[in-house]
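A.B. asks: Need the 3D shape of this:
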Amino acid sequence: MYLETPAKPAAARRDKPRIALMGEFSAGKSTLANLLLGQDISPVKVTATQMPPVWYARGLPGATILDHAGRETPIALDDLAGVSSRDTLAVKVFMPSEVLDFCDLIDMPGTSDPNMAQDMWDDILCQAEGVVWCTPATQAWRQSEAAIWEQMPPDLWSRSLLLITRMDKMLTDRDRQRVTARVRREAEAYFRDVLPISLTEALAARDDEEVLRRSGTEAFTDALIALVQEMGVVPPEAAETSAPAPAPRGEAADVRTIFD
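C.D. replies: The predicted model follows:
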C-alpha cells in the first residue's frame, strides 16, 4: 500500500484530537488500544483482518457504523463481524475511559490490508491529527514501513510517535539497546519521538510503578500527554510530575494514570 494522503482542508478546531494507531499486521496496535483504554481484552471481538478502522470515543457503551457520507447507524457490538470495510469508513465504539476524555483513538487495520482501498485510507487519515506507529522489535522499522510513512505529510511527522513494541522478545539488554539505537538513527527525523515499550508486560502489571517504568510505559505516557497537551486539550495540571496514587484497574484518576 502506498499512501498519497491529501492535505487537510481548513476546519474549525475540534475539542479533542484524534490519534490514529498504525503499523503493519501484528505490530501491537490493538494491544496498545487495550492498554490505553484500560481493557484486558478488546471490546471489539472481531479479528483485525475483518474490520474497518475502529474509532474509540467517549460515551455510553455502544457502537455505530460511520459511512463515507458521514452518516452514523447504530449497531450491536456482537454484529460487527458482518461489517464490510468496502462501504464503511469506520466503526465507532463508545465507552467510558479516562484517555477518551482527552483524545479519540482510531485503531487502523494493518497497512498491507488488501481490503482497504487507497481512498479509504485517505478518508480516515484525514480525520487524525496525530499518529502512534507501532513497529515490533523483532522486525523493527522495515523498509515497507518507512516507504509508507515517508509519504505522509511532513507536518504530521512532528505530531507522531514511533513505538517499538515487543521489547520483551529481545533476549538481552544489549539486543534491546541495539534495536532502539538503530531505529532512532533511521527514523528519528520522521517522528516527534521514538520509544521502546513492552505492551504485554505493561498490561500484566498496570498497578506496579516499577514495571511501568521498566516496560517503557511511563516514558510513552509522558510523550503522549505532551503531544496531546500541545494540541490544546490537556489541562496543565494533568502533566504535573506528582501523580496521584494509582486508581483501581479501569478507573484511572487522571490522564497520567490511564495505565494503572
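
A.B. asks: Now the helix or strand containing L35: average pLDDT?
C.D. replies: Taking DSSP states H and E as the criterion, the element that holds L35 is helix 29-37. Average pLDDT, helix 29-37: 91.

A.B. asks: Next: stretch 225-237.
C.D. replies: The average pLDDT within stretch 225-237 is 72.

A.B. asks: Then stretch 206-221?
C.D. replies: 90.

A.B. asks: Renumber starting at 28 from here on
C.D. replies: Sure thing, new numbering starts at 28, so read that last one as stretch 233-248.

A.B. asks: Can you dump the C-alpha atoms of it in CSV for me?
C.D. replies: In CSV, the C-alpha atoms belonging to stretch 233-248 read as follows (Å, rounded to 0.1, in the frame of the first residue of the first chain):
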residue,chain,number,x,y,z
ARG,A,233,-0.8,-1.9,35.4
ASP,A,234,-0.5,-1.1,39.2
ASP,A,235,3.2,-1.8,39.5
GLU,A,236,5.1,1.5,39.1
GLU,A,237,8.5,-0.2,38.6
VAL,A,238,7.2,-2.4,35.9
LEU,A,239,5.5,0.5,34.1
ARG,A,240,8.9,2.4,34.2
ARG,A,241,10.9,-0.7,33.1
SER,A,242,8.5,-1.6,30.3
GLY,A,243,8.7,1.9,28.8
THR,A,244,5.1,2.7,29.6
GLU,A,245,5.9,5.6,31.8
ALA,A,246,8.0,7.3,29.1
PHE,A,247,5.3,6.7,26.5
THR,A,248,2.7,8.1,28.8
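
A.B. asks: distance between that stretch and the chain's centre?
C.D. replies: 17 Å (CA atoms, centre = their mean, to the nearest Å).

A.B. asks: what do you get for stretch 103-115?
C.D. replies: The chain centre lies 21 Å from the centre of stretch 103-115; the measure is CA atoms, centre = their mean.

A.B. asks: Quick one: end-to-end length of that stretch, please.
C.D. replies: 15 Å (CA to CA, to the nearest Å).

A.B. asks: buried set for it?
C.D. replies: Neighbour-count burial for stretch 103-115, with 16 or more other CB atoms under 10 Å as criterion, is recorded at 107, 110, 112, 115. For the C-beta atoms, the positions are set from N, CA and C on the backbone; glycine is no exception.

A.B. asks: what's the answer for stretch 236-254, then?
C.D. replies: The neighbour-count criterion (16+ other CB under 10 Å) identifies 238-239, 242-245, 247-248, 250-252, 254 as the buried residues of stretch 236-254.

A.B. asks: and which of the buried residues of stretch 103-115 is nearest P44?
C.D. replies: For P44, the nearest member of these is T115. The distance, counting by CB to CB, is 22.7 Å.

A.B. asks: List the residues that contact that closest one.
C.D. replies: For T115, the contacting residues are 79, 92-94, by CB atoms under 8 Å, 6 or more residues apart in numbering.

A.B. asks: Shouldn't it be within a strand?
C.D. replies: No. Secondary structure assignment places T115 outside any strand; it is coil (DSSP: H, G, I helix; E, B strand; the rest coil).

A.B. asks: separation between it and G89?
C.D. replies: 16 Å (CB to CB, to the nearest Å).
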